[in-house]
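1. predicted coordinates and the sequence they were generated for:
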Amino acid sequence: MHIPDNYLSPETCAFMAAAMVPVWTISVRKVKEEISKPKMPLLGIGAAFSFLLMMINVPLPGGTTGHAVGGTLIALLLGPFSACIAVTVALLIQALLFGDGGILAFGANCFNMSFILPFVGYYVYKFVKSRSKTAKGEYFGILLGSYLGINAAALSAAILFGLQPLLFANAAGQPLYCPYPLAVSIPAMTIPHLLVAGVVEAIFTATIFAYIRRTSPGTIYQGAKTKTKAIYGFIAVLVCLTPIGLLAAGTAWGEWRPEEISSVVTGVKALGFVPDGMKNGFSIKAIMPDYTVAGLPDAAAYILSAIAGVALLIILFKVAGSFRKDKEGGTLG
């Protein structure tokens, strides 16, 4: 679901970034109001969960791959505005350090994964919870909210992909950017997420939420004890599990390199050309591209990348918290 650079036109990228500015502005203000200084490191923990879940790819129907995002999980723990900021920072680290998601497409990726996903997931959960006071009802809300959240994000990404050939073509009528129309992009993105990725997101969300509620209730309930050691232990387990993502063969739909896309078969035939906007578009070399490190086996590089990303996210939010004035406040849930 990470849209690379040059799949969307510069105009689309600029529009999506502009659309995210008020979302980020409101989210920062809400975080300042709702999250106290002692709770700020929890944003880093939430971002770390999201970062790691996005590294664990799973095979999807059609020979592509996908991953969970964890946006609804963070929204359940800290509120949707906090989830927006946490996932945004995780996506920024992925784009800058690992080349996972485009720099120009950053606003579009944030719109899908740090805005649509956590807000849809959270408010579906709240709707179900308000009508069912039982523990089973609450967990049904968690499962449904996280499932619908990631599927809404996938649909949004599919629409952005599918609009490109309608709006941007060269003089010969060939698409300049993503070459697949809505009739292709929507089923290609949504069906695998409906069948597999949404289920994976729901299972991860419910499992991690239940673990945190049992081991560190203060993360969820104001006044209860927060035990971050148990949470860090779970993060360490996820770091060790990230190489599982290497077992999923294939590339996520819409994330092919320019040199690959001409040979990608959609329907019964290969595309047969590279769109001009991809061939001559923006590019930047990441420090650890695709979570690789020269000279290291892929599994070791994946774990090293996971450690680096998690450490950076936790440090960033701890530093941000150190500039906050101490005040009363708590988490949502």
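-> Yep, it's here.
2. and the residue nearest the centre of the chain, what element?
-> Centroid-nearest residue in the chain, with Cα atoms, centre = their mean: residue 69, separated by 4.1 Å. Counting by DSSP states H and E, there is no helix or strand that carries residue 69.
3. show me where the stretch 1-150 of the chain has helices.
-> 10-34, 40-55, 71-78, 80-98, 106-110, 117-131, 135-167 (DSSP state H, counting those that start in this stretch).
4. alpha carbons of the fifth one, as PDB, please.
-> Looking back up the chat, that one is helix 106-110. Extracted C-alpha coordinates of helix 106-110, given in PDB (Å, rounded to 0.1, in the frame of the first residue of the first chain):
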ATOM      1  CA  PHE A 106       4.400  10.900   1.200                       C
ATOM      2  CA  GLY A 107       1.200  13.000   1.500                       C
ATOM      3  CA  ALA A 108      -0.900  10.400  -0.400                       C
ATOM      4  CA  ASN A 109       0.500   7.600   1.700                       C
ATOM      5  CA  CYS A 110      -0.300   9.500   4.900                       C
END
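5. who's in contact with that helix?
-> The contact list for helix 106-110 (Cβ atoms under 8 Å, 6 or more residues apart in numbering) reads 1-3, 8, 12-14, 16-20, 23-24, 87-88, 91-92, 95, 101-102, 157, 160. From N, CA and C alone the C-beta is placed, and that goes for glycine too.
6. ok, now with 7 Å
-> 2-3, 8, 12-13, 16-17, 19-20, 88, 91-92, 95, 101, 160 (Cβ atoms under 7 Å, 6 or more residues apart in numbering).
7. buried subset of those?
-> For the contacts of helix 106-110, a neighbour count by 16 or more other Cβ atoms under 10 Å gives the buried set as 2-3, 8, 12-13, 16-17, 20, 88, 91-92, 95, 101, 160.
8. now the chain, which segments are flagged as low pLDDT?
-> 222-224, 268, 326-333 (pLDDT under 70).
9. change it to 50
-> 327-333 (pLDDT under 50).
10. wait, residue 116 sits on residue 156?
-> Yes - with contact defined as Cβ atoms under 7 Å, residue 116 reaches residue 156; the gap is 5.3 Å.
11. for the residue nearest to the centre of the chain, give me its contacts.
-> Residues in contact with residue 69 (Cβ under 7 Å, 6+ apart) are 50, 53-54, 87, 113, 117, 150, 201.
12. with only the CA atoms kept, save stretch 33-41 in PDB.
-> C-alpha atoms of stretch 33-41 as PDB (Å, rounded to 0.1, in the frame of the first residue of the first chain):
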ATOM      1  CA  GLU A  33      -4.300  18.600  24.500                       C
ATOM      2  CA  GLU A  34      -4.900  14.900  25.100                       C
ATOM      3  CA  ILE A  35      -1.400  13.300  25.700                       C
ATOM      4  CA  SER A  36       0.400  14.300  28.800                       C
ATOM      5  CA  LYS A  37       4.200  14.500  29.000                       C
ATOM      6  CA  PRO A  38       4.600  11.100  30.700                       C
ATOM      7  CA  LYS A  39       2.500   9.500  28.000                       C
ATOM      8  CA  MET A  40       4.400  11.000  25.000                       C
ATOM      9  CA  PRO A  41       6.800   8.000  24.800                       C
END
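13. flag every buried residue along that stretch.
-> By neighbour count with 16+ other Cβ under 10 Å, stretch 33-41 contains the buried residues 34-37, 39-41.
14. distance from the chain centre to stretch 33-44, please.
-> Relative to its chain's centre, stretch 33-44 lies at 21 Å (Cα atoms, centre = their mean, to the nearest Å).
15. try stretch 108-117
-> Distance, stretch centre to chain centre, for stretch 108-117: 7 Å (Cα atoms, centre = their mean).
16. now do the same end-to-end measure for that stretch.
-> End-to-end distance for stretch 108-117, by Cα to Cα, to the nearest Å: 13 Å.
17. what's the answer for stretch 250-258, then?
-> For stretch 250-258, the end-to-end distance is 15 Å (Cα to Cα).
18. list the buried residues in it.
-> Going by neighbour count (16+ other Cβ under 10 Å), the buried part of stretch 250-258 is 251-256, 258.
19. could I get the full set of helices for the stretch 201-333 of the chain?
-> Counting by DSSP H, counting those that start in this stretch, the helices of the stretch 201-333 of the chain are 228-241, 258-261, 276-279, 298-322.
20. among the ones you listed, which comes closest to residue 187?
-> Among the helices of the stretch 201-333 of the chain, helix 258-261 comes nearest to residue 187, with 18.3 Å by Cβ to Cβ.
21. quick check: the farthest pair among the contacts of residue 69?
-> 87 and 201 (12.8 Å).
22. so for those two, which sits in the more crowded spot?
-> Neighbours were counted for residue 87 and for residue 201 using other Cβ atoms under 10 Å; residue 201 has more, 31 against 28.
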